[in-house]
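In: generate coordinates for the sequence data below:
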Amino acid sequence: MSNKPKLHAYKAIPKLVSRLRDDLKVNEFVLLFAFNGTGKTRLSVGFKEKGKKGGKEKKDTLYFNAFTEDLFSWDNDLENDTTRVLKLNKASNFFIGFRELALEEKIYKYLERYAAFDFRFDYENWNVTFSQGAKNPLFGKLEDAPEYIRQDHIKISRGEENIFIWCFYLAICELVLDDVERTGPYKWVDYFYIDDPISSLDDNNAIAVASDLCKLLLPKEEEEKKEKKKVRPVKCVISSHHSLFFNVVCNELRNRPHTKYFLYKNGQDGHTLQSTTDTPFFHHVALLAELKKADSTGVINTYHFNALRSILERTATFFGFDSFGKCIHGIEDEVLYTRALNLLSHGKYSVYEPAEMSDDNKALFRRILNAFLDKYQFQLPELFPEVKLQPVPLG
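Out: This is a model prediction of the structure:
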């Protein structure tokens, strides 16, 4: 019996949405890993729109994605440069319970794990102000000087803003799960759809965010027994391009009914799902398969060097090498070796503006990639069945 992962091709997002919703009829979670630019945000919007099929007023999905972040916008007080506030879009159903439900305590419970600033809601004007304690420069000189002074109406960083919005979302999710009888303002929610909540976080916070999310979605049985707490069942889709975040989520949810997929673009509007429920998740292996496809088809763009550099860096770190150059084997010529390092080190190429490489650079790319694969013997998934992965002459 073949143990090859299953592949499913979809020509349009609505068909893919139907597949995810069908999966959720028998599973609690659908987990998607996809590189940036694959269409994860459009997929989350398509999933939400599918829930409106019964009419404009019907809805069933509370999502977190790039559009969620757009519900918050800064007024930087350009005239006086003193009173900076984060405005909330009160027209969105995301804030349907904002005025009636005191969210500060719930939000702060999550926020204090990641950040060191305070916030305050202005319910009349639909905005948030931020403050922070700063070390008093007079402390130690005057006996009665407090150690900290308060700075109000501060402008928080983009990363801090993202984590605040994420904690806002978690607080609403908690309200949904606690509303067992479906009597509250979010009684319409049947699904959470969470797309890339950690765009500006470092790896430590990525682990914490993934862990805290799963704790919210999967309350411990002993806690339920102790508090006699019932939780409203809500199905969930989680998608991400961040391999560490995705791995933590997969591990946390491994004992609950779920499906896992790699999500790839297939043509202009199509997508391919590769089931990974019974196979290990290593996003670098999937990326190597992408690079091998470029090698086999001859469609090699400049940004492929960036991807190859990323793989070499990760491999060098794993083996304890002090340079990714030590992962390049089979290039004996010193001139070629130096040129390869220069291309890998200094090329900054955008995946959104692909430019095809020159023939000699293509040959060098193939030489590096195939020498690397010959040395480390990765087991590549057959992500692209239409492509026969055969060696291409190195020119």
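In: just the strands in the stretch 101-250 of the chain please.
Out: In the stretch 101-250 of the chain, the strands defined using DSSP state E, counting those that start in this stretch lie at 118-122, 127-135, 148-152, 191-195, 235-240.
In: pLDDT of the first one, averaged?
Out: The predicted model assigns strand 118-122 a mean pLDDT of 90.
In: which other helices and strands does it contact?
Out: Packing partners of strand 118-122 (3 or more Cβ pairs under 8 Å, 6 or more residues apart in numbering; DSSP states H and E): helix 104-111, strand 127-135. Bear in mind the C-beta positions are built from the backbone N, C-alpha and C, glycine included.
In: check those for me: which has the lowest mean pLDDT.
Out: Of all those, the minimum mean pLDDT falls on strand 127-135 (a mean of 79).
In: that older thread, with distance to L7 and mean neighbour count added, can I get the strands of the stretch 101-250 of the chain in CSV?
Out: Below are the strands of the stretch 101-250 of the chain laid out as CSV (distance: least, Cβ to Cβ, whole Å; neighbours: other Cβ atoms under 10 Å):
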stretch, distance to L7, mean neighbour count
strand 118-122, 46, 15
strand 127-135, 45, 16
strand 148-152, 54, 12
strand 191-195, 22, 23
strand 235-240, 18, 23
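In: could you dump those into a markdown table with distance to N80 added?
Out: Listed next are the strands of the stretch 101-250 of the chain as a markdown table, based on distance: least, Cβ to Cβ, whole Å:
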| stretch | distance to N80 |
| --- | --- |
| strand 118-122 | 17 |
| strand 127-135 | 14 |
| strand 148-152 | 14 |
| strand 191-195 | 37 |
| strand 235-240 | 40 |
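In: picking up where we left off before, for Y264, find the nearest of the helices and strands packed on strand 118-122.
Out: With Cβ to Cβ as the criterion, Y264 lies closest to helix 104-111 of the helices and strands packed on strand 118-122, at 32.7 Å.
In: how far is the closest one from where the chain is centred?
Out: Distance of helix 104-111 from the chain centroid (Cα atoms, centre = their mean, to the nearest Å) equals 22 Å.
In: ok, stretch 309-326 next?
Out: 24 Å.
In: any idea which element D374 lies in?
Out: Here D374 sits within helix 359-376, counting by DSSP states H and E.
In: for W74, pull up the helix or strand it's in.
Out: Counting by DSSP H and E, the element that carries W74 is strand 72-75.
In: ok, now R42?
Out: Assigned by DSSP H and E, R42 falls in helix 40-50.
In: okay, the angle between that helix and strand 235-240?
Out: Regarding helix 40-50 and strand 235-240, their directions subtend 160 degrees when assessed with axes from the mean of the first three to the mean of the last three Cα atoms, to 10 degrees.
In: can I get helix 40-50 in CSV, CA atoms only?
Out: Written as CSV, here are the backbone C-alpha positions of helix 40-50 (Å, rounded to 0.1, in the frame of the first residue of the first chain):
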residue,chain,number,x,y,z
LYS,A,40,-4.3,32.5,2.8
THR,A,41,-6.1,35.8,3.4
ARG,A,42,-8.3,35.4,0.4
LEU,A,43,-9.1,31.9,1.5
SER,A,44,-10.1,33.1,5.0
VAL,A,45,-12.4,35.8,3.5
GLY,A,46,-13.9,33.1,1.2
PHE,A,47,-14.6,30.9,4.2
LYS,A,48,-16.4,33.8,5.9
GLU,A,49,-18.4,34.7,2.8
LYS,A,50,-19.6,31.1,2.5
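In: the one helix or strand L16 maps to packs against which elements?
Out: Following DSSP H and E, one finds L16 within helix 13-23. Here helix 13-23 touches strand 7-10, helix 40-50, strand 270-275, going by 3+ Cβ pairs under 8 Å, 6+ apart.
In: just put these in CSV and tack on distance to E100.
Out: Shown next, in CSV, are those (distance: least, Cβ to Cβ, whole Å):
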stretch, distance to E100
strand 7-10, 40
helix 40-50, 23
strand 270-275, 40
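In: save those as CSV, and put in mean pLDDT too.
Out: Below are the helices and strands packed on helix 13-23 laid out as CSV (pLDDT from 0 to 100):
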stretch, mean pLDDT
strand 7-10, 82
helix 40-50, 92
strand 270-275, 83
